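Student: for reference, the sequence and a predicted model appear below.
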Amino acid sequence: MNKNDLKIIFFIIITAIMSIVLINLNDETGQIAHIYYMNKEVKTIDLSINNTYTVLGYNGEVKIEVKDRKIRVIEENSPLHLCSKQGYIFKSTETIICLPNKIVIKITDGNELDGVVG
Amino acid sequence: MKDKIGYIIGTLLLVAFFVWMALDYNQRINSIQEFSKNMFYMDTYISVKIYTKDKVKAKEALDSIDKIYETYNNLTDRYNSYDGTNNIYKINNNTLTDEKLTIDEKLYDLIFYGIDMYEETNGLININLGHVIDVWKSYRESESGVPTYEELKNSGSIDINDIQLLDNNQILNNHPCIDLGSIAKGYTNQIVADYLKSIGLNSFLINAGGSVVVGEHYANDTYKIGIETPTSEGGVYDVVSFNNKSLTTSGNYQRYYIYDKVLYHHIIDPNTLFPPNYFRSVSVITNNAALGDMLSTTLFLMTIEDGKTYLKENYPDVEAVWYTNDDEIERTEGFSNYE
(Lines give C-alpha, C1' and ligand atoms only; values in the text may rest on other atoms or scores of the structure.)
Protein backbone atom coordinates (compact mmCIF):
# COMPACT_ATOMS: atom_id res chain seq x y z
CA MET A 1 0.00 0.00 0.00
CA ASN A 2 1.51 3.30 -0.96
CA LYS A 3 0.74 6.87 -0.06
CA ASN A 4 -1.89 7.18 -2.76
CA ASP A 5 -3.85 4.21 -1.42
CA LEU A 6 -3.89 5.82 2.01
CA LYS A 7 -5.07 9.10 0.56
CA ILE A 8 -7.93 7.34 -1.20
CA ILE A 9 -8.93 5.48 1.98
CA PHE A 10 -8.90 8.71 3.97
CA PHE A 11 -10.86 10.48 1.30
CA ILE A 12 -13.55 7.79 1.27
CA ILE A 13 -13.82 7.72 5.05
CA ILE A 14 -13.99 11.51 5.36
CA THR A 15 -16.66 11.67 2.64
CA ALA A 16 -18.70 8.96 4.37
CA ILE A 17 -18.45 10.67 7.76
CA MET A 18 -19.35 14.03 6.25
CA SER A 19 -22.41 12.64 4.49
CA ILE A 20 -23.64 10.90 7.64
CA VAL A 21 -23.17 14.09 9.64
CA LEU A 22 -25.03 16.08 6.99
CA ILE A 23 -27.90 13.59 6.89
CA ASN A 24 -28.18 13.74 10.68
CA LEU A 25 -28.20 17.52 10.58
CA ASN A 26 -31.19 17.44 8.25
CA ASP A 27 -33.03 15.19 10.69
CA GLU A 28 -33.23 18.06 13.16
CA THR A 29 -36.65 19.50 13.77
CA GLY A 30 -37.12 22.79 12.00
CA GLN A 31 -36.91 26.02 13.85
CA ILE A 32 -39.32 28.79 13.15
CA ALA A 33 -38.92 32.56 13.27
CA HIS A 34 -41.93 34.69 14.15
CA ILE A 35 -42.01 38.29 12.93
CA TYR A 36 -44.15 40.72 14.94
CA TYR A 37 -45.16 44.25 14.01
CA MET A 38 -46.55 46.20 16.95
CA ASN A 39 -47.09 42.94 18.89
CA LYS A 40 -49.03 41.32 16.07
CA GLU A 41 -47.52 38.38 14.29
CA VAL A 42 -47.19 39.30 10.62
CA LYS A 43 -45.03 36.48 9.31
CA THR A 44 -43.85 33.01 10.24
CA ILE A 45 -40.63 31.87 8.62
CA ASP A 46 -39.20 28.37 8.32
CA LEU A 47 -35.47 28.69 9.02
CA SER A 48 -34.58 25.61 7.00
CA ILE A 49 -35.19 27.49 3.74
CA ASN A 50 -32.70 30.14 2.61
CA ASN A 51 -34.58 33.18 1.38
CA THR A 52 -35.10 36.90 1.84
CA TYR A 53 -38.34 38.46 3.06
CA THR A 54 -39.72 41.97 3.29
CA VAL A 55 -42.12 43.14 5.97
CA LEU A 56 -43.56 46.60 6.51
CA GLY A 57 -42.19 48.36 9.59
CA TYR A 58 -43.04 51.75 11.11
CA ASN A 59 -40.39 53.52 8.99
CA GLY A 60 -40.97 51.54 5.83
CA GLU A 61 -39.72 48.23 4.54
CA VAL A 62 -37.59 45.90 6.64
CA LYS A 63 -35.58 43.32 4.71
CA ILE A 64 -34.88 40.02 6.40
CA GLU A 65 -32.52 37.28 5.27
CA VAL A 66 -32.52 33.60 6.20
CA LYS A 67 -29.30 31.71 5.55
CA ASP A 68 -28.14 28.34 6.90
CA ARG A 69 -30.79 28.24 9.66
CA LYS A 70 -29.87 31.74 10.81
CA ILE A 71 -31.86 34.92 10.41
CA ARG A 72 -30.87 38.59 10.32
CA VAL A 73 -32.13 42.00 9.27
CA ILE A 74 -30.22 43.28 6.25
CA GLU A 75 -31.95 46.56 5.52
CA GLU A 76 -34.21 48.92 7.48
CA ASN A 77 -34.74 52.60 7.90
CA SER A 78 -33.74 53.81 11.37
CA PRO A 79 -31.31 56.36 12.87
CA LEU A 80 -28.76 53.93 14.30
CA HIS A 81 -29.43 50.74 12.31
CA LEU A 82 -29.02 48.77 15.51
CA CYS A 83 -30.98 45.74 14.41
CA SER A 84 -29.22 45.30 11.10
CA LYS A 85 -25.89 45.66 12.92
CA GLN A 86 -26.90 42.91 15.36
CA GLY A 87 -26.33 40.28 12.68
CA TYR A 88 -27.57 36.71 12.67
CA ILE A 89 -29.50 34.99 15.42
CA PHE A 90 -30.16 31.25 15.36
CA LYS A 91 -30.99 29.88 18.83
CA SER A 92 -34.56 29.48 20.01
CA THR A 93 -35.44 32.22 22.50
CA GLU A 94 -33.04 34.64 20.73
CA THR A 95 -34.65 37.84 19.47
CA ILE A 96 -33.94 40.80 17.26
CA ILE A 97 -35.76 43.97 18.26
CA CYS A 98 -36.07 46.91 15.87
CA LEU A 99 -37.51 49.57 18.15
CA PRO A 100 -37.87 52.40 15.63
CA ASN A 101 -39.61 50.05 13.24
CA LYS A 102 -41.64 48.31 15.97
CA ILE A 103 -40.55 44.96 14.59
CA VAL A 104 -39.59 41.96 16.71
CA ILE A 105 -38.09 38.73 15.39
CA LYS A 106 -38.32 35.72 17.71
CA ILE A 107 -37.03 32.22 17.14
CA THR A 108 -38.93 29.31 18.62
CA ASP A 109 -38.56 25.59 18.41
CA GLY A 110 -41.15 24.57 15.81
CA ASN A 111 -42.12 21.57 17.93
CA GLU A 112 -42.97 23.31 21.17
CA LEU A 113 -46.49 21.94 21.17
CA ASP A 114 -47.51 18.39 20.43
CA GLY A 115 -51.03 19.43 19.51
CA VAL A 116 -53.61 22.18 19.62
CA VAL A 117 -57.26 21.74 20.58
CA GLY A 118 -59.98 24.06 19.47
CA MET B 1 8.49 -1.67 6.43
CA LYS B 2 6.84 1.60 5.54
CA ASP B 3 4.37 -0.33 3.41
CA LYS B 4 3.44 -2.63 6.30
CA ILE B 5 2.68 0.25 8.66
CA GLY B 6 0.56 1.81 5.97
CA TYR B 7 -1.41 -1.43 5.53
CA ILE B 8 -1.95 -1.79 9.28
CA ILE B 9 -3.11 1.78 9.73
CA GLY B 10 -5.32 1.55 6.70
CA THR B 11 -6.91 -1.72 7.84
CA LEU B 12 -7.44 -0.43 11.37
CA LEU B 13 -9.10 2.70 10.07
CA LEU B 14 -11.35 0.69 7.80
CA VAL B 15 -12.35 -1.67 10.62
CA ALA B 16 -12.99 1.26 12.96
CA PHE B 17 -15.07 2.90 10.29
CA PHE B 18 -17.24 -0.16 9.70
CA VAL B 19 -17.72 -0.70 13.43
CA TRP B 20 -18.81 2.90 13.73
CA MET B 21 -21.17 2.54 10.77
CA ALA B 22 -22.65 -0.60 12.32
CA LEU B 23 -23.17 1.17 15.64
CA ASP B 24 -24.79 4.12 13.93
CA TYR B 25 -27.10 1.83 11.93
CA ASN B 26 -27.97 -0.10 15.06
CA GLN B 27 -28.83 3.11 16.85
CA ARG B 28 -30.94 4.23 13.93
CA ILE B 29 -33.09 1.12 13.72
CA ASN B 30 -33.43 1.02 17.51
CA SER B 31 -34.52 4.60 17.87
CA ILE B 32 -38.14 5.58 18.28
CA GLN B 33 -39.78 7.06 15.21
CA GLU B 34 -43.06 8.82 14.56
CA PHE B 35 -45.59 7.15 12.27
CA SER B 36 -48.66 9.19 11.44
CA LYS B 37 -51.81 9.16 9.38
CA ASN B 38 -54.37 11.85 8.59
CA MET B 39 -57.99 10.98 7.95
CA PHE B 40 -61.29 12.74 7.43
CA TYR B 41 -64.26 11.13 9.13
CA MET B 42 -67.25 12.31 11.18
CA ASP B 43 -67.01 15.78 9.67
CA THR B 44 -63.57 16.39 11.12
CA TYR B 45 -59.87 15.99 10.44
CA ILE B 46 -58.27 13.23 12.44
CA SER B 47 -54.54 12.88 12.90
CA VAL B 48 -53.03 9.87 14.64
CA LYS B 49 -49.36 9.70 15.58
CA ILE B 50 -47.67 6.61 16.94
CA TYR B 51 -44.18 6.66 18.47
CA THR B 52 -42.41 3.32 18.32
CA LYS B 53 -39.38 1.40 17.00
CA ASP B 54 -41.65 -1.14 15.33
CA LYS B 55 -42.37 0.19 11.87
CA VAL B 56 -44.42 -2.78 10.66
CA LYS B 57 -46.63 -2.83 13.75
CA ALA B 58 -47.19 0.92 13.57
CA LYS B 59 -48.26 0.82 9.93
CA GLU B 60 -50.64 -2.06 10.55
CA ALA B 61 -52.10 -0.23 13.53
CA LEU B 62 -52.64 2.94 11.50
CA ASP B 63 -54.53 0.96 8.87
CA SER B 64 -56.70 -0.67 11.53
CA ILE B 65 -57.38 2.73 13.10
CA ASP B 66 -58.48 4.10 9.74
CA LYS B 67 -60.96 1.20 9.57
CA ILE B 68 -62.25 1.88 13.09
CA TYR B 69 -62.96 5.54 12.28
CA GLU B 70 -64.53 4.57 8.95
CA THR B 71 -66.75 2.00 10.65
CA TYR B 72 -68.03 4.48 13.26
CA ASN B 73 -68.32 7.20 10.62
CA ASN B 74 -70.65 4.98 8.59
CA LEU B 75 -72.60 3.68 11.58
CA THR B 76 -73.29 7.16 12.98
CA ASP B 77 -73.94 8.88 9.63
CA ARG B 78 -77.32 10.56 9.68
CA TYR B 79 -77.49 11.60 6.03
CA ASN B 80 -76.24 8.57 4.07
CA SER B 81 -76.91 4.87 4.05
CA TYR B 82 -74.24 2.26 3.39
CA ASP B 83 -74.68 -1.19 1.92
CA GLY B 84 -74.84 -3.97 4.43
CA THR B 85 -75.20 -1.89 7.58
CA ASN B 86 -78.19 -0.60 9.44
CA ASN B 87 -76.83 2.75 10.55
CA ILE B 88 -78.40 5.86 12.11
CA TYR B 89 -79.81 6.91 8.73
CA LYS B 90 -81.60 3.57 8.45
CA ILE B 91 -82.92 3.80 12.01
CA ASN B 92 -84.20 7.36 11.58
CA ASN B 93 -85.70 6.75 8.14
CA ASN B 94 -86.99 3.24 8.62
CA THR B 95 -90.16 2.87 6.54
CA LEU B 96 -90.43 -0.88 6.94
CA THR B 97 -93.43 -2.19 8.82
CA ASP B 98 -91.32 -4.57 10.92
CA GLU B 99 -91.51 -3.83 14.60
CA LYS B 100 -87.79 -4.20 15.19
CA LEU B 101 -84.54 -3.51 13.39
CA THR B 102 -81.33 -5.43 14.02
CA ILE B 103 -78.28 -3.18 14.15
CA ASP B 104 -74.54 -3.63 14.48
CA GLU B 105 -73.45 -4.43 18.03
CA LYS B 106 -71.04 -1.46 17.96
CA LEU B 107 -73.87 0.94 17.17
CA TYR B 108 -76.12 -0.73 19.74
CA ASP B 109 -73.44 -0.16 22.42
CA LEU B 110 -72.96 3.46 21.36
CA ILE B 111 -76.71 4.23 21.50
CA PHE B 112 -76.86 2.46 24.86
CA TYR B 113 -74.05 4.73 26.06
CA GLY B 114 -75.92 7.76 24.73
CA ILE B 115 -79.11 6.90 26.63
CA ASP B 116 -76.97 6.36 29.72
CA MET B 117 -75.53 9.85 29.33
CA TYR B 118 -79.05 11.31 29.25
CA GLU B 119 -79.59 9.98 32.77
CA GLU B 120 -76.09 11.02 33.82
CA THR B 121 -76.58 14.65 32.76
CA ASN B 122 -80.25 15.15 33.58
CA GLY B 123 -81.08 15.36 29.91
CA LEU B 124 -78.43 17.85 28.80
CA ILE B 125 -76.97 15.17 26.54
CA ASN B 126 -79.93 14.14 24.40
CA ILE B 127 -79.18 11.95 21.38
CA ASN B 128 -82.76 12.31 20.09
CA LEU B 129 -82.33 15.98 19.19
CA GLY B 130 -81.98 15.41 15.46
CA HIS B 131 -85.11 17.33 14.37
CA VAL B 132 -84.08 20.47 16.26
CA ILE B 133 -80.49 20.23 15.02
CA ASP B 134 -81.75 19.97 11.44
CA VAL B 135 -83.82 23.16 11.77
CA TRP B 136 -80.80 25.03 13.13
CA LYS B 137 -78.59 23.56 10.42
CA SER B 138 -80.81 24.87 7.62
CA TYR B 139 -80.92 28.34 9.22
CA ARG B 140 -77.15 28.29 9.72
CA GLU B 141 -76.48 27.32 6.14
CA SER B 142 -78.78 29.95 4.66
CA GLU B 143 -78.04 32.56 7.38
CA SER B 144 -81.59 33.68 6.75
CA GLY B 145 -82.76 34.37 10.26
CA VAL B 146 -83.55 32.67 13.54
CA PRO B 147 -86.19 29.98 14.13
CA THR B 148 -88.87 30.60 16.72
CA TYR B 149 -89.28 28.34 19.74
CA GLU B 150 -92.56 27.06 18.29
CA GLU B 151 -90.92 26.12 15.02
CA LEU B 152 -88.20 24.21 16.88
CA LYS B 153 -90.66 22.53 19.23
CA ASN B 154 -92.96 21.48 16.39
CA SER B 155 -90.09 20.06 14.31
CA GLY B 156 -90.52 16.70 16.01
CA SER B 157 -90.24 14.75 19.22
CA ILE B 158 -87.09 14.99 21.30
CA ASP B 159 -88.30 12.45 23.86
CA ILE B 160 -85.41 10.12 24.73
CA ASN B 161 -87.97 7.32 25.26
CA ASP B 162 -88.55 7.25 21.49
CA ILE B 163 -85.30 5.28 21.39
CA GLN B 164 -86.08 1.79 22.67
CA LEU B 165 -83.25 -0.73 22.66
CA LEU B 166 -84.36 -4.36 22.79
CA ASP B 167 -82.45 -7.58 23.39
CA ASN B 168 -80.16 -9.15 20.77
CA ASN B 169 -78.92 -5.86 19.26
CA GLN B 170 -82.39 -4.84 18.17
CA ILE B 171 -84.02 -1.44 18.28
CA LEU B 172 -87.73 -0.70 18.20
CA ASN B 173 -88.90 0.82 14.93
CA ASN B 174 -90.28 3.90 16.63
CA HIS B 175 -89.07 6.68 14.26
CA PRO B 176 -86.66 8.54 16.52
CA CYS B 177 -84.34 11.21 15.12
CA ILE B 178 -81.02 10.21 16.59
CA ASP B 179 -78.01 12.50 16.32
CA LEU B 180 -74.82 11.24 17.95
CA GLY B 181 -72.78 14.39 17.25
CA SER B 182 -72.23 15.21 20.90
CA ILE B 183 -70.73 11.85 21.88
CA ALA B 184 -69.62 9.80 18.84
CA LYS B 185 -66.19 11.36 18.24
CA GLY B 186 -64.96 11.10 21.82
CA TYR B 187 -66.38 7.60 22.09
CA THR B 188 -64.51 6.50 18.95
CA ASN B 189 -61.30 8.25 20.04
CA GLN B 190 -61.37 6.25 23.25
CA ILE B 191 -61.89 3.01 21.33
CA VAL B 192 -58.83 3.85 19.21
CA ALA B 193 -56.77 4.69 22.33
CA ASP B 194 -57.83 1.43 23.98
CA TYR B 195 -56.94 -0.48 20.82
CA LEU B 196 -53.45 1.03 20.69
CA LYS B 197 -52.80 0.18 24.34
CA SER B 198 -54.15 -3.35 23.85
CA ILE B 199 -51.51 -4.08 21.20
CA GLY B 200 -48.70 -2.54 23.22
CA LEU B 201 -48.34 0.75 21.32
CA ASN B 202 -48.51 2.97 24.38
CA SER B 203 -47.00 6.15 22.95
CA PHE B 204 -49.48 7.95 20.73
CA LEU B 205 -51.23 11.21 20.10
CA ILE B 206 -54.72 11.40 18.58
CA ASN B 207 -55.96 14.81 17.47
CA ALA B 208 -59.58 14.62 16.37
CA GLY B 209 -62.74 16.63 16.52
CA GLY B 210 -61.78 19.24 19.11
CA SER B 211 -59.97 16.79 21.31
CA VAL B 212 -56.49 15.41 21.86
CA VAL B 213 -55.89 12.00 23.40
CA VAL B 214 -52.38 10.95 24.40
CA GLY B 215 -50.73 7.85 25.83
CA GLU B 216 -47.31 7.56 27.42
CA HIS B 217 -44.71 10.05 26.24
CA TYR B 218 -42.07 8.63 23.89
CA ALA B 219 -39.15 10.22 25.75
CA ASN B 220 -39.83 10.44 29.49
CA ASP B 221 -41.55 13.77 29.10
CA THR B 222 -45.14 15.00 28.90
CA TYR B 223 -47.15 16.04 25.86
CA LYS B 224 -47.65 19.79 25.53
CA ILE B 225 -51.10 20.71 24.23
CA GLY B 226 -52.20 24.21 23.32
CA ILE B 227 -55.78 25.43 23.76
CA GLU B 228 -56.91 27.61 20.88
CA THR B 229 -58.06 31.16 21.60
CA PRO B 230 -61.78 31.19 20.71
CA THR B 231 -61.67 34.58 18.97
CA SER B 232 -60.89 35.68 15.46
CA GLU B 233 -57.33 36.47 16.56
CA GLY B 234 -56.56 32.79 16.88
CA GLY B 235 -53.41 31.46 18.48
CA VAL B 236 -53.15 29.62 21.74
CA TYR B 237 -54.29 31.05 25.09
CA ASP B 238 -53.05 28.30 27.38
CA VAL B 239 -50.77 25.27 27.29
CA VAL B 240 -51.31 22.14 29.37
CA SER B 241 -49.11 19.08 29.69
CA PHE B 242 -49.96 15.51 30.65
CA ASN B 243 -49.72 11.85 29.65
CA ASN B 244 -52.44 9.19 29.41
CA LYS B 245 -55.24 11.75 29.38
CA SER B 246 -57.40 13.67 26.98
CA LEU B 247 -58.27 17.31 26.48
CA THR B 248 -61.57 18.21 24.82
CA THR B 249 -62.89 21.64 23.88
CA SER B 250 -66.40 22.82 23.11
CA GLY B 251 -66.73 26.32 21.75
CA ASN B 252 -69.09 28.68 19.97
CA TYR B 253 -66.53 29.78 17.38
CA GLN B 254 -66.42 26.99 14.84
CA ARG B 255 -69.83 26.20 13.43
CA TYR B 256 -71.90 29.31 13.82
CA TYR B 257 -73.58 32.22 12.11
CA ILE B 258 -74.37 35.72 13.24
CA TYR B 259 -77.82 37.19 12.79
CA ASP B 260 -78.82 40.59 14.11
CA LYS B 261 -75.54 40.80 16.09
CA VAL B 262 -76.28 37.56 17.97
CA LEU B 263 -74.07 34.51 17.53
CA TYR B 264 -75.86 31.18 16.93
CA HIS B 265 -73.65 28.08 17.05
CA HIS B 266 -74.16 24.34 16.83
CA ILE B 267 -74.45 23.22 20.46
CA ILE B 268 -78.12 23.22 21.35
CA ASP B 269 -79.59 23.25 24.87
CA PRO B 270 -82.36 20.58 24.90
CA ASN B 271 -84.31 22.65 27.47
CA THR B 272 -84.44 25.95 25.58
CA LEU B 273 -83.79 24.48 22.10
CA PHE B 274 -81.42 27.42 21.60
CA PRO B 275 -77.60 27.62 21.65
CA PRO B 276 -76.43 29.25 24.90
CA ASN B 277 -73.75 31.95 25.03
CA TYR B 278 -72.62 31.77 28.68
CA PHE B 279 -68.97 31.91 27.55
CA ARG B 280 -66.85 31.29 24.45
CA SER B 281 -65.28 27.93 25.12
CA VAL B 282 -64.67 25.29 27.75
CA SER B 283 -61.95 22.63 27.81
CA VAL B 284 -61.82 19.57 30.07
CA ILE B 285 -59.00 17.20 31.01
CA THR B 286 -60.23 13.65 31.59
CA ASN B 287 -58.76 10.16 31.78
CA ASN B 288 -61.34 8.93 29.30
CA ALA B 289 -61.88 10.63 25.93
CA ALA B 290 -65.55 9.61 25.69
CA LEU B 291 -66.22 11.23 29.05
CA GLY B 292 -64.31 14.32 27.91
CA ASP B 293 -66.48 14.77 24.81
CA MET B 294 -69.67 14.33 26.79
CA LEU B 295 -68.53 16.63 29.64
CA SER B 296 -67.33 19.46 27.41
CA THR B 297 -70.77 19.56 25.77
CA THR B 298 -72.56 19.32 29.12
CA LEU B 299 -70.46 22.13 30.65
CA PHE B 300 -71.09 24.25 27.58
CA LEU B 301 -74.80 24.20 28.46
CA MET B 302 -74.22 25.53 32.00
CA THR B 303 -72.93 28.78 33.48
CA ILE B 304 -69.33 28.66 34.71
CA GLU B 305 -70.45 28.60 38.35
CA ASP B 306 -72.91 25.76 37.75
CA GLY B 307 -70.23 23.90 35.80
CA LYS B 308 -67.73 24.16 38.65
CA THR B 309 -70.31 22.84 41.11
CA TYR B 310 -71.35 20.08 38.73
CA LEU B 311 -67.77 18.87 38.36
CA LYS B 312 -67.04 19.05 42.07
CA GLU B 313 -70.11 16.98 42.90
CA ASN B 314 -69.94 14.44 40.09
CA TYR B 315 -66.41 14.34 38.63
CA PRO B 316 -63.95 15.62 41.25
CA ASP B 317 -60.92 14.38 39.29
CA VAL B 318 -61.88 16.26 36.10
CA GLU B 319 -60.35 19.72 35.59
CA ALA B 320 -61.69 22.42 33.31
CA VAL B 321 -60.84 25.87 31.96
CA TRP B 322 -63.31 28.43 30.56
CA TYR B 323 -62.71 31.34 28.19
CA THR B 324 -65.32 33.96 29.04
CA ASN B 325 -67.12 36.44 26.80
CA ASP B 326 -64.90 39.18 28.31
CA ASP B 327 -61.67 37.37 27.34
CA GLU B 328 -61.09 36.25 30.94
CA ILE B 329 -59.92 32.79 31.90
CA GLU B 330 -61.62 30.77 34.66
CA ARG B 331 -60.27 27.50 36.00
CA THR B 332 -61.23 24.71 38.37
CA GLU B 333 -59.03 24.54 41.45
CA GLY B 334 -56.81 21.72 40.26
CA PHE B 335 -56.39 22.90 36.69
CA SER B 336 -53.10 24.67 37.38
CA ASN B 337 -51.51 21.28 38.10
CA TYR B 338 -51.47 20.75 34.35
CA GLU B 339 -50.24 24.20 33.34
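Tutor: Nice, I can see it.

Student: longest helix in chain A, please.
Tutor: Ordering each helix of chain A by length in residues (DSSP state H) puts helix A:3-27 first.

Student: so what does it touch, helix or strand wise?
Tutor: On a contact count with 3 or more CB pairs under 8 Å, 6 or more residues apart in numbering or on different chains; DSSP states H and E, helix A:3-27 meets helix B:2-29. Backbone N, C-alpha and C define where each C-beta goes, glycine included.

Student: could you give me the average pLDDT of the helix it packs on?
Tutor: Averaged across helix B:2-29, the pLDDT comes to 74.

Student: do the next helix or strand after it and chain A meet?
Tutor: Downstream of helix B:2-29, the first helix or strand assigned by DSSP states H and E is strand B:33-41. No: with CB under 8 Å from any CB of the partner chain as the measure, strand B:33-41 is seen stopping short of chain A, the closest distance being 10.6 Å.

Student: mind listing what's buried in strand B:33-41?
Tutor: The neighbour-count check on strand B:33-41 (16 or more other CB atoms under 10 Å in any protein chain shown) flags B:35, B:37, B:39, B:41 as buried.

Student: ok, back up a step: now do the longest helix of chain A against helix B:2-29, angle only.
Tutor: 10 degrees (axes from the mean of the first three to the mean of the last three CA atoms, to 10 degrees).

Student: give the closest residue to the residue of chain A found nearest chain B in space, chain neighbours not counted.
Tutor: The nearest approach of chain A to chain B comes at A:Gly118, 2.5 Å away (CB to the nearest CB). Leaving aside its sequence neighbours, A:Gly118 sits nearest to B:Glu228 (CB to CB, 6 or more residues apart in numbering or on different chains; 2.5 Å).

Student: just send the buried residues of strand B:33-41 back as CSV, with distance to B:Leu165 and pLDDT too.
Tutor: Formatted as CSV, the buried residues of strand B:33-41 follow (distance: CB to CB, whole Å; pLDDT from 0 to 100):
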residue, distance to B:Leu165, pLDDT
B:Phe35, 38, 91
B:Lys37, 34, 90
B:Met39, 29, 90
B:Tyr41, 25, 93
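
Student: return the residues of chain A in contact with chain B.
Tutor: So chain A meets chain B at A:1-3, A:5-6, A:9-10, A:13, A:16, A:20, A:41, A:112-118 (CB under 8 Å from any CB).

Student: ok, the residue nearest to A:Gly118 - contacts?
Tutor: Shown in contact with B:Glu228 (CB atoms under 8 Å, 6 or more residues apart in numbering or on different chains): A:116-118, B:234-237, B:249, B:251, B:281.

Student: so which of those residues belong to strands?
Tutor: Among those, DSSP state E puts A:116-117, B:236-237, B:249, B:251, B:281 in strands.

Student: residue contacts, the residue of the stretch 51-200 of chain B found nearest chain A?
Tutor: The minimum distance from the stretch 51-200 of chain B to chain A, using CB to the nearest CB, falls at B:Tyr51 (10.4 Å). Under the criterion of CB under 8 Å, 6+ apart, the neighbours of B:Tyr51 are B:32-35, B:203-204, B:218.
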